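A.B. asks: quick one: sequence and predicted model below, then my questions.
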Amino acid sequence: MPKKVDVSAYLVIGPENTCGRPVGEVVAQALSAGFTCVQVRSKECSARELLACTAAVAQAIADAERTGQVALLVDDRLDVALAARQQGIAVDGVHVGQSDIPPEACRALLGPDGIVGLSARTDEMLAYVRDMPTDLVDYLGVGPLHETQTKRDCGLDSAGNIITKSLADIAALARVSPVPIVVGGGVKLADIAPLKATGANGFFVVSAVCAADDPHVAAKELVDAWRAASA
């Protein structure tokens, strides 16, 4: 059975996203506003730099006394997640795409208590979840909801065109998914209530918090909107 992972307010962050601010500082502000999950993602960092970033995020979670409550994941880099664990850094797992390391390998190396998230196009997800082995994947990431500058290769078709996901697409997946789904890709405050109405379990953001003038204020607005839509 999938493990319990709270993806309701999910922050994706790397050093290139924070407008020069320390990653740990931005994470701390998001956590104080109520964010529930953090993914470290960078296409620019070396393995050692990504490891240091992961350590900083783990420390921010520990300082907030939320280790074991807020999941810390590394995007794509299973090697970094395993190296972090070897160094005693509290990393919960990884998030991978369907063209990355297979979930089977992630589960085998992380063990039954690790968290494995998987993302892909919604049409692929619909096919995948029909026979999805729920002991391999703990949640699904879906997007983009809008075109986004933080991940230009997200949602491309074979011709290189960006395909965004409609609320109807997301609702269809939410109805059949055996595990939680979290939706992102250009998500803004105005998107939160409509996303909640689809049956999605959460939203993920990068720029909406990391690039905000005041990350805490921006994060709290998003969390408050999600909670209000849940009432």
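C.D. replies: Yep, that arrived.
A.B. asks: how about Glu25, what does it touch?
C.D. replies: Applying CB atoms under 8 Å, 6 or more residues apart in numbering to Glu25 gives the contacts Ala60. Bear in mind the C-beta positions are built from the backbone N, C-alpha and C, glycine included.
A.B. asks: where's it, which helix or strand?
C.D. replies: In the assignment (DSSP states H and E), Glu25 maps to helix 23-33.
A.B. asks: convert that helix to CSV, retaining C-alpha atoms only.
C.D. replies: Provided in CSV are the C-alpha atoms of helix 23-33 (Å, rounded to 0.1, in the frame of the first residue of the first chain):
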residue,chain,number,x,y,z
VAL,A,23,17.6,27.9,-0.4
GLY,A,24,17.2,27.0,3.3
GLU,A,25,15.9,30.5,4.0
VAL,A,26,13.1,30.2,1.4
VAL,A,27,12.2,26.7,2.5
ALA,A,28,11.9,27.9,6.1
GLN,A,29,9.5,30.6,5.1
ALA,A,30,7.4,28.2,3.1
LEU,A,31,7.3,25.8,6.0
SER,A,32,6.2,28.5,8.4
ALA,A,33,3.4,29.3,6.0
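A.B. asks: off-centre distance for it?
C.D. replies: Here helix 23-33 is found 15 Å from its chain centre; the criterion is CA atoms, centre = their mean, to the nearest Å.
A.B. asks: for stretch 12-28, same thing?
C.D. replies: Stretch 12-28 sits 15 Å away from the centroid of its parent chain (CA atoms, centre = their mean).
A.B. asks: related to what we said a few turns ago, next, the buried residues of the helix holding Glu25.
C.D. replies: Using 16 or more other CB atoms under 10 Å as the test for burial, helix 23-33 gives 23-24, 26-31, 33.
A.B. asks: between those residues, which is nearest Cys45?
C.D. replies: Val23 (10.3 Å; CB to CB).
A.B. asks: so how far is Ala81 from that closest one?
C.D. replies: According to CB to CB, to the nearest Å, Val23 stands 16 Å off from Ala81.
A.B. asks: likewise for Ala60?
C.D. replies: Per CB to CB, Ala60 is found 17 Å from Ala81.
A.B. asks: more neighbours, these two?
C.D. replies: Higher neighbour count among Ala60 and Ala81: Ala81, with 29 against 24, using other CB atoms under 10 Å.
A.B. asks: for that one, which non-adjacent residue is closest in space?
C.D. replies: Excluding the flanking residues, the one nearest Ala81 by CB to CB, 6 or more residues apart in numbering is Val74, at 4.3 Å.
A.B. asks: ok, that neighbour touching Arg85?
C.D. replies: No. Taking CB atoms under 8 Å as the definition, Val74 is not a contact partner of Arg85, at 10.1 Å.
A.B. asks: what residues do these two have in common as contacts?
C.D. replies: Common contact partners of Val74 and Arg85 (CB under 8 Å, 6+ apart): Val91.
A.B. asks: compare the two (neighbour count), which wins?
C.D. replies: In terms of neighbours (other CB under 10 Å), Val74 is the more surrounded of Val74 and Arg85; the figures are 27 against 18.
A.B. asks: mind listing the strands for this structure?
C.D. replies: Per DSSP state E, the chain carries strands over the ranges 9-13, 37-40, 71-75, 93-97, 115-119, 139-142, 181-184, 202-205.
A.B. asks: looking at those, which is closest to Ala52?
C.D. replies: When these are compared by CB to CB, strand 37-40 sits nearest Ala52, at 10.2 Å.
A.B. asks: packing partners for the closest one?
C.D. replies: Strand 37-40 sits against strand 9-13, helix 23-33, helix 47-63, strand 71-75, strand 202-205, with contacts defined as 3 or more CB pairs under 8 Å, 6 or more residues apart in numbering; DSSP states H and E.
A.B. asks: no further queries at this time; thank you.
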